[in-house]
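Engineer: My questions concern the predicted model and sequence given below.
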Amino acid sequence: MAATVTKRIDPQTLNLKEQVVSINRVTKVVKGGKNLSFSALVVVGDSSAKVVGFGVGKAKEVPSAIRKGIEAAKKNLRKIHMLQTTIPHQVLGRFGSGMVLLKPAPEGTGVIAGGPVRAVIQAAGIPNVLTKSIGSHNPHNVVKATINALEQLRDRNVVAEMRGVAVDKL
């Protein structure tokens, strides 16, 4: 499979909202005892521009770990293709042993998702979607699987161009 080249999205032009998905206490055992630090998984997104990203930050204190996670997430932004209020088609995202199924939903359904998937979907600004998290419940794997699923979404025009047919024939 060919690697896709994505254009970097400038975070200064967006109105990004950040959400902390999980904070983990991490210890490193050394000769003198245990070194304690914190790891934060953060999701940032602009719902009006349909842009979302995630980042991980580690530091000795929680606020600085969150700050580092936000900076990492701003460097990792992706554009999401969608219809008016939902996603164009059903998709299954995978990362590690975690899988996330995203299904289009009619107007008024809302976001039917749990925990880490909900954070990513709300940051991306998708108002109506059905989701199911399968396999691993590790927040890192679930967030990465959700981002993978959102990256697989294709616009009708792109699919028609790939197949070499008119948009109305799809």
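Structural biologist: Ah, there it is.
Engineer: Show me the beta-bridge partners of the closest residue to Val62 other than its chain neighbours.
Structural biologist: In this structure, Val62 finds its nearest non-sequential neighbour in Phe38, 5.0 Å apart by C-beta to C-beta, 6 or more residues apart in numbering. The C-beta positions use only the backbone N, C-alpha and C, and glycine is treated the same way. Counting by DSSP bridges, Phe38 is bridged to Arg25, Ala59.
Engineer: residues touching the residue most central in space within the chain, list them.
Structural biologist: Centroid-nearest residue in the chain: Ile147, 3.6 Å away (criterion: C-alpha atoms, centre = their mean). For Ile147, the contact set (C-beta atoms under 8 Å, 6 or more residues apart in numbering) comprises 52-54, 78, 93, 120.
Engineer: pretty sure the residue nearest to Val62 is in contact with Lys68, am I right?
Structural biologist: No - using C-beta atoms under 8 Å as the test, Phe38 is too far from Lys68 to be in contact (10.1 Å).
Engineer: Now the common contact residues for the two.
Structural biologist: In contact with both Phe38 and Lys68: 58-59, using C-beta under 8 Å, 6+ apart.
Engineer: Kindly provide the distance from the residue nearest to Val62 to Glu71.
Structural biologist: Look at Phe38 and Glu71: by C-beta to C-beta, to the nearest Å, they are 15 Å apart.
Engineer: Counting neighbours, go ahead and name the busier of these two.
Structural biologist: Phe38 (18 against 15; other C-beta atoms under 10 Å).
Engineer: Perfect, that will be all.
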